[in-house]
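Trainee: What follows is a predicted structure for the sequence shown.
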Amino acid sequence: MKVLVIGGAGYIGSHVARLLADKGHDISIIDNLSSGTEENLFPEYAFFRGDILDYPWLVSVMKQGYDAAVHLAAAKAAGESMRRPEKYATQNLTGTINILNAACEAGISRLVFSSSAAIYGEPKYLPIDEAHPKDPTNFYGFTKLEIERCLEWYDRLKGLRFVALRYFNAAGYDLEGRVHGLEKNPANLVPVIMEVAVGLRPHLEVFGTDYPTPDGSGVRDYIHVTDLAEAHCAALVRLMKEPRSFAVNLGSEQGLSVLEILDAARKITGRSIPMVMTGRRPGDPAKLVASSAAAKDLLGWEAKHSDVETIIATSWRAYTHHFAHDA
């Protein structure tokens with residue numbers, strides 16, 4: 001099928017585009033390269049550089065005969081969203097409304113949306129399933145939840161069928177080492193550890209070592225980005241065969257602690273990776289783990305590459321590609 005990947009030069013989007021192309025689909029990319037990189041583009045893609053806030057331009061691209069779209073274009077740093085809500089309202093909310101309107105105008109009736117586990121907020125129970133109360137604790141999570149609500153209305157009123165994929169913690173790089181464009185200003189644990197390992201940062205800050213977890217550090221559900229990409233492919237196939245909208249969690253169902261990941265990184269990289277233990281961050285729960293039972297049922301999907309060794313080894317390969325003289 002002919003698929004438009006919006007945000008396809010970014011970290012997750014580039015892996016989704018690569019896997020879709022591997023499966024024989026005709027891929028086009030929209031990206032403004034604010035956080036994505038041209039290094040993540042491949043010659044077989046059609047690439048349109050521009051911004052989803054430019055509605056006439058967006059319509060002109062989307063009218064080029066696509067069967068479906070994948071929407072991954074968003075600002076995504078939870079902490080920043082609390083300091084700069086105007087950025088997130090404009091990029092995530094206004095940008096997505098433009099995409100929905102342009103899709104309807106262009107006759108695209110299938111959309112896979114990159115949502116987030118941030119819509120759930122503080123866990124009321126574990127593992128978190130799709131029925132869990134939705135009460136975001138940051139503005140980023142709020143924008144993702146509001147987009148899902150808009151999608152439900154566009155489904156009902158305009159016939160735009162969607163699958164919302166609620167990610168937990170994406171990590172790792174392409175298993176074959178083809179995608180290696182690094183994230184700009186990363187805030188997530190694994191790329192921060194990699195930056196310490198190659199000398200871009202002096203140390204890792206570990207926020208909280210007195211949680212009620214086996215080693216005292218926070219536990220999160222990490223999912224390899226290749227597993228995420230597989231879920232996008234499965235969602236598109238499902239939408240084309242059976243146009244029914246739904247939302248599912250994507251997680252490994254296995255929690256990894258900060259100190260477990262740090263220990264694995266030290267072993268695999270051979271680097272000391274200094275750390276500084278600091279206090280808990282307000283609002284950080286001790287543990288977050290997903291239930292992916294619905295994704296298995298509806299998409300036939302489960303995480304296959306989300307063990308800590310694969311996550312760290314593929315990340316390290318991407319970083320040593322850029323910093324070989326230091327690694």
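Mentor: Arrived safely, thanks for sending.
Trainee: Can you classify residue 226 as helix, strand or coil?
Mentor: Using DSSP: H, G, I helix; E, B strand; the rest coil, the structure places residue 226 in helix.
Trainee: Verify the stated contact: it with residue 172.
Mentor: Yes - between residue 226 and residue 172 there is a contact under C-beta atoms under 8 Å: 6.8 Å. C-beta coordinates here come from the backbone N, C-alpha and C atoms, glycine included.
Trainee: Overlap of the contact sets of those two?
Mentor: residue 305 (C-beta atoms under 8 Å, 6 or more residues apart in numbering).
Trainee: Can you pick out the residue with more neighbours from those two?
Mentor: residue 172 (27 against 24; other C-beta atoms under 10 Å).
Trainee: What separation do you get for that one and residue 137?
Mentor: Between residue 172 and residue 137 the distance is 26 Å, computed by C-beta to C-beta, to the nearest Å.
Trainee: where along this protein do the strands fall?
Mentor: In the chain, the strands defined using DSSP state E lie at 2-6, 26-31, 46-49, 68-71, 110-116, 161-167, 169-171, 204-207, 219-224, 246-250, 255-257, 275-278.
Trainee: how about these, which one is nearest residue 319?
Mentor: strand 169-171 (12.7 Å; C-beta to C-beta).
Trainee: where along the stretch 201-327 of the chain do the helices fall?
Mentor: 225-241, 258-269, 293-299, 308-322 (DSSP state H, counting those that start in this stretch).
Trainee: tell me which residues in the second one are buried?
Mentor: Residues 258-262, 264-266, 268-269 are the ones in helix 258-269 that count as buried (16 or more other C-beta atoms under 10 Å).
Trainee: same deal with the first one?
Mentor: If you call a residue buried by 16+ other C-beta under 10 Å, then helix 225-241 has these buried ones: 225-236, 238-239.
Trainee: And that helix, what does it pack against?
Mentor: helix 11-22, strand 68-71, strand 110-116, strand 161-167, strand 169-171, strand 246-250, helix 293-299 (3 or more C-beta pairs under 8 Å, 6 or more residues apart in numbering; DSSP states H and E).
Trainee: And the helices in the stretch 51-200 of the chain, which stretches?
Mentor: 55-62, 78-83, 85-88, 95-106, 139-158, 189-197.
Trainee: per-domain residue ranges of this protein.
Mentor: Here the chain is described, according to automatic domain parsing, as comprising the domains 2-171+223-250, 189-220+253-322.
Trainee: Can you tell me which of those domains is packed in deepest?
Mentor: domain 2-171+223-250 (a mean of 20; mean count of other C-beta atoms under 10 Å).
Trainee: got a list of what the closest residue to residue 300 other than its chain neighbours touches?
Mentor: Excluding its sequence neighbours, the residue lying closest to residue 300 (C-beta to C-beta, 6 or more residues apart in numbering) is residue 234, at 6.3 Å. Counting by C-beta under 8 Å, 6+ apart, residue 234 makes contact with 299-301.
Trainee: same question, residue 58
Mentor: Here residue 58 is in contact with 30, 50, 52, 98-99, 102 (criterion: C-beta under 8 Å, 6+ apart).
Trainee: can you do 7 Å?
Mentor: Neighbour list for residue 58: 52, 98, 102 [criterion: C-beta atoms under 7 Å, 6 or more residues apart in numbering].
Trainee: Spatially, what comes nearest to residue 204 if we skip its sequence neighbours?
Mentor: Per C-beta to C-beta, 6+ apart, closest to residue 204 is residue 275, 4.4 Å.
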